[in-house]
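**Q** Here is my input; please provide its structure:
(one chain, ligands or ions: 1)
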Amino acid sequence: MRVGVSTGGGDAPGLNAAIRGVVLSALHRDWEVLGIRRGFASLLDGPEPTLFTRADVRGIAHLGGTILGTTNRGNPFRWAETDARGSTAEVDRSDEVIEKCRKLGMDVLILVGGDGTLRIGLDLSRKGLHVVGIPKTIDNDLNGTAASFGFDTAVSIASEAIDRLHSTAESHERVMVVEVMGRNAGWIALHAGLAGGADVILIPEIPFDLESVGQKIQRREREGRRFSIVVVAEGALPRGGSAVIREAAGAGTVERLGGIAEPVARAIAERTGKETRTLTLGHLQRGGGPTTFDRLLALRLGAAAVRAVADGHLETMVSFGTGGISTVPLSQAVTGLRLVRPDSDTVTTARELGISMGD
Ligand code: F6P
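**A** Below is the predicted model:
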């Protein structure tokens, strides 16, 4: 048996642990593992995938990034190609990927990715390639699994940042607006804001009203709490408005969100007269090593993916739930996004703790 392993989309802490899980459990079965570098790029334009040995994955479980490299511009169905005149257009190179995998003698491709990468996996599987997915995303927005590795680390980093902002916000009696990642899901903002003791949390699932945000800050002021921390998800949007797009999708590229902290801070300053400052945590949330939770989850999911191949559970994604690790159809994982439910216990808890959700 020969399996390939590839990491795609934005990186997330735990990728190396997942690779180690895949490689060691495959070698344990005397299988071969091909390491595919730079997402799908190496299947199209090189470098040639190479066979992994135990030594390749030694001492990497705690390291950030991915030893395979990754890209969120690597969709073979929408490959960006620039012609001699310098204009870029999308071409479909998926048949080349299928042909390359066949030539490499790859029985199954194990894809570590979020919804974008796993959707590519599903489309490739519909063209005849066997695929097993491993859920990875700091955004926590994949369906079919209760957890994806990367999220716990991102939340830990963001809540530590919020903890640290409290003292400087209080010293200067300022409003600090912290923007966190998460695309169109508010998981990071909600969990980090709640854990870090934010006063206002704005998430895409609950469109906000700046009047209500201003009133919350003024209420705190009257109670003698002369500083406030506002956590805003990059995809958060005002009631009746839309999210701030940093960069529109182009040929072979996906839309980038970001920049909501500034208009929110300006509006708060106008309504409350308070001095405001913004902080965008950005890629810090994806940098460095994984938490122990993410490391362990990634190792388990990596090994489970190989087990799924051994058991013939193909065209699936390995999934984490209360009963342990199982598999779900790949199609289920990429149908829609898992978003925060406004009536969930976590949102209710935030409200009961006096946190404003901006509505
Ligand atoms: O999907 C992970 C993620 O970090 C999102 O939270 C964020 O919107 C996006 O990727 C950023 O992408 P890039 O690495 O291209 O800036």
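
**Q** Which single residue of the protein ends up nearest the ligand?
**A** Per C-beta to the nearest ligand atom, the residue of the chain with the smallest distance to the ligand is Met181, at 3.2 Å. Just so you know, the C-beta spots here come from the backbone N, C-alpha and C atoms, and that holds for glycine as well.

**Q** can you count the residues close to that residue?
**A** 25 (other C-beta atoms under 10 Å).

**Q** And it, what's its pLDDT?
**A** Here the pLDDT value assigned to Met181 is 98.

**Q** unless I'm mixing things up, it is touching Ile157, no?
**A** No - Met181 sits out of contact with Ile157 when judged by C-beta atoms under 8 Å, with a separation of 10.2 Å.

**Q** Overlap of the contact sets of the two?
**A** Where contact means C-beta atoms under 8 Å, 6 or more residues apart in numbering, the residues bridging Met181 and Ile157 through contact with each are Leu281, Gln285.

**Q** Can you pull the residues of the stretch 51-200 of the chain lying near the ligand?
**A** Taking C-beta under 6 Å from any ligand atom, the part of the stretch 51-200 of the chain that reaches the ligand is made up of Asn72, Gly114, Thr137, Ile138, Asp139, Met181, Gly182, Arg183.

**Q** these two touch, right, the second one and Ile134?
**A** No - assessed by C-beta under 8 Å, Gly114 is found out of contact with Ile134, at 10.4 Å.

**Q** Settle it for me: which of these two has more neighbours?
**A** For Gly114 against Ile134, the residue with the higher neighbour count under other C-beta under 10 Å is Ile134, and the figures read 30 against 27.

**Q** Specify the beta-bridge partners of the closest residue to the more buried one other than its chain neighbours.
**A** Leaving aside its chain neighbours, Ile134 sits nearest to Val112 (4.4 Å; criterion: C-beta to C-beta, 6 or more residues apart in numbering). Counting by DSSP bridges, Val112 forms beta bridges with Thr7, Ile134.

**Q** residues contacting Val112?
**A** Under the contact definition (C-beta under 8 Å, 6+ apart), the residues listed for Val112 are Val5, Ser6, Thr7, Gly8, Leu15, Ala18, Ile19, Val22, Gly133, Ile134, Lys136, Gly302.

**Q** Cheers, nothing more for now.
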